[in-house]
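# Output the structure for:
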Amino acid sequence: MWPADAARQARLFLLLCLLIGYLHYRAEGSARGDIPADSDSLAYQNHALSDLHAHMQGRLSLREFLYGSREVNFLPPLHKWSLQLGYLILGLDNLTPYAVSAFWMVVAAFAVFLIVRRITQDPAFAFAAGLLLLGLPASLRWGFMGSRNDWPAAALYLLGFWCLIASDLGRHRTMMAGCGLFWGLGLLAKSSLAGYLAVPVLALAADAVRRRKDLSRAQAENVLVAVLAAVLVSGWFYAAQYRDVVSYYSFWPTVNAANERLQYQLDSATARRLFYVRNWVVQMGGLAIAVTAVGLVGIVRLLGTRRPPLEPARRAAVGWALVFALAPYLVLVPRGDYAPTADVNMLPFQLVLGVTGLWALAGSSVGRAVAVGALLAAAVVLDVARIGEHARERVYAGVDAVRAVHELGDVLERHRYREWRLYELYEDIYLNAATVVNVVYRDPILRSRFDVSVAQPSLDLKVSPAVSARDRYWGLAERANVLLVADRPKGPLWRTVNRQWEELRSLVAGDQRFSLLGVLHPYDDGTGVEVWARQLASLQTESDGWLLSGATLTVSARRGRWPLLVRGVPAGEAVRDLWLVSPEGGRVKAVAAADGRERGFLFPLDLTDTTTVLRVEGDRPVIPAELGVSGDRRALLVLHPRALFLGGGAAGGANPR
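Down below sits the predicted model:
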């Protein structure tokens, strides 16, 4: 029944996996449509889109492309590059990341297929193992329904392991180079893969030391080739960013530990110790657990009684699969880093062991035919169940994020805000600053109207429970010029910012630098999202940087008296008296003061509207043509002017820090 040719077996398996991936992609389209991803996945999508956006504007540097443009660049770039390639091929569509995710899931399933076929030399069991992987709950939650970097890293991790066992543990140089290449690429997809590799690699090294008399020089050289390949592929990133990576992964089990315990209800030492047991049950699912549990009996028999007999290389492969399936928990549990996605790196190996164990238990050809039939039936049941579950998924309902972003654009454009540095003083994973950026980046009209970015705070400001609401507010308000605030509690309370919501909202309301420009209503339950914007003073200047007499000054601030300073290099000594003229004809004269080459012009403004457009006039502008300097007939006032508000308004000004 199975093609004798290994290449034909692989092609048939890949076609079947691609079909499953396509059905998941269609299910995601049905469930999601135009609704943006949750913030967990948006972090990765926006990382890719920001580069593409910068490239369209001609300002993407090589360093940003390789390392990122954030204050803390802990994300290695391979997953970002795969998303960018997807966007370039399929377009800036909302569903493009899920096509990329389906691709990585197919790669992971193919790696499992190769590993099981290598150990059992039975393509039917290999087929079943790969298809079972695609039907795991973890494959749906973190793979087909998300765009994180967990499964891309796991897929490369599995391919590296296949190369390792195909090399007969170091005897074939090409396969060892492949092992180093894939593990290097895995590290270039997700930094934490180093933690999952650490204990198995140390075990491999210890075994090599134990058997050093039996190892040939060629094997040692092949291991060095693998190490060199991994270093060449990923070392350049970690040589530059290792401080950021270490800082990031040290933060979660220490500073953020209290939030994680609240999130996962780990209120006792027993609950914390059992976290990964409970998580494993959820991510693996009952049917796959049953397959693995029965199969482990066969693994014990295979390794303990040597039945059925296996050649040493294949038996060693089973033993090392057991190490890779269990050893990473020796790092995870003591660290106290509670990550639901962590099992993604071990589940495939556990599935490999389960299927291999059933193959060992089956014994005769009739027994194996029955076993593989049962496994394939289980795989079909799981895959159909996951696709159906995916199609019925409705976690995205309840908020119209796309409409909200368009409303936000209308509100901010009315008040002349073209450049947004966004952040939110509440945290809901379905509507936040990252959601806004994602929608704008993918919409050519919004993209042409606005320059949008997320104001990147430090990890402490973002989530640390040790940071007070006041300190958190001032840190975020210094970075952002547009703040989004829910008008009622919204989002899970285990997030620090949501526990501080009431105080944060009162702080922005009392900060005279920010004005309430409007309220969005994207939620089905009626929750409003307030749009608070920092004072804006925008001068109309020429392309060469000159402010002309008659140019406009747009100011947006709270009503009241505000001192506004305009600084720049005057066109000549005669440029001393500047006026601001209101639409009604009122005139405000500046007090001028020189400061080196620059001159400052201080205007006392009385604002009666949130946003006002004023005209700048000068009594004695410089007209180069009249001076015989050039043919330029423009009325020049100030070169490279900057406008900024000073102090506070009539209500008391900006809060002291």
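
# use CA for all of it now, contacts and neighbours both
Noted.

# Buried residues, stretch 26-42. List them.
26-29, 31-32, 35-39, 41-42 (16 or more other CA atoms under 10 Å).

# Kindly report the same for stretch 82-102.
Neighbour counts over stretch 82-102 (16+ other CA under 10 Å) mark 82-87, 92, 94-102 as buried.

# Among the residues you listed, name the ones in helices.
Counted as lying in helices by DSSP state H, out of these, are 82-87, 96-102.

# Let's have those in CSV, adding pLDDT and distance to residue 579.
Listed next are those as CSV, based on pLDDT from 0 to 100; distance: CA to CA, whole Å:
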residue, pLDDT, distance to residue 579
82, 97, 55
83, 97, 52
84, 97, 50
85, 97, 53
86, 97, 53
87, 97, 50
96, 96, 53
97, 97, 53
98, 96, 56
99, 97, 58
100, 98, 57
101, 97, 59
102, 97, 62
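
# surely residue 565 meets residue 600?
Yes - Residue 565 lies in contact with residue 600 (CA atoms under 8 Å); the separation is 6.6 Å.

# which residues touch residue 440?
405, 446, 447, 452 (CA atoms under 8 Å, 6 or more residues apart in numbering).

# Then residue 375?
125, 128, 129.

# who wins for neighbours among these?
Counting neighbours by other CA atoms under 10 Å, residue 129 comes out on top of the contacts of residue 375 with 30 neighbours.

# Tell me the secondary structure of it, please.
Secondary structure, DSSP: H, G, I helix; E, B strand; the rest coil: residue 129 is helix.

# quick one: contacts for it?
109, 112, 113, 116, 351, 352, 355, 375, 379.

# redo that, cut-off 7 Å
112, 113, 351, 352, 355 (CA atoms under 7 Å, 6 or more residues apart in numbering).

# From those, keep the buried residues only.
Restricting the contacts of residue 129 to buried positions leaves 112, 113, 351, 352, 355, with burial counted as 16+ other CA under 10 Å.

# Secondary structure class of the third one, three-state.
Three-state secondary structure (criterion: three-state DSSP) places residue 351 in helix.

# Can you pull out the low-pLDDT segments for this protein?
Residues of the chain that meet the criterion pLDDT under 70 lie in 1-4, 71-72, 306-307, 395-397, 648-657.

# which element is residue 562 on?
strand 560-570 (DSSP states H and E).

# What pairs with that strand, parallel or antiparallel?
Applying DSSP bridges, strand 560-570 is found paired with strand 598-607 (antiparallel), strand 636-645 (antiparallel).

# buried stuff in it?
Within strand 560-570, the residues that qualify as buried are 560, 561, 562, 564, 565, 566, 567, 568, 569, 570, counting by 16+ other CA under 10 Å.

# can you put these in a markdown table and add distance to residue 423?
Shown next, in a markdown table, are those (distance: CA to CA, whole Å):
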| residue | distance to residue 423 |
| --- | --- |
| 560 | 26 |
| 561 | 27 |
| 562 | 25 |
| 564 | 26 |
| 565 | 27 |
| 566 | 28 |
| 567 | 29 |
| 568 | 31 |
| 569 | 34 |
| 570 | 37 |
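
# Out of those, flag the one nearest to residue 607.
Distance to residue 607 across these (CA to CA) is lowest for residue 560, with 5.2 Å.

# Which strand residues bridge that closest one?
Residues in beta-bridge contact with residue 560 (DSSP bridges): residue 607.

# That one contacts residue 606, doesn't it?
Yes - if you go by CA atoms under 7 Å, residue 560 and residue 606 touch, sitting 5.6 Å apart.

# in the helix or strand containing residue 227, what's buried?
Element membership for residue 227, per DSSP H and E: helix 217-251. For helix 217-251, burial by neighbour count (16+ other CA under 10 Å) applies to 219, 222-231, 233-235, 237-238, 241, 244-245.

# How about stretch 608-617?
Using 16+ other CA under 10 Å as the test for burial, stretch 608-617 gives 610, 611, 612, 613, 614, 615, 616, 617.

# can you pull the contacts of the fourth one?
With contacts defined as CA under 7 Å, 6+ apart, the neighbours of residue 613 are 552, 553, 554, 555.
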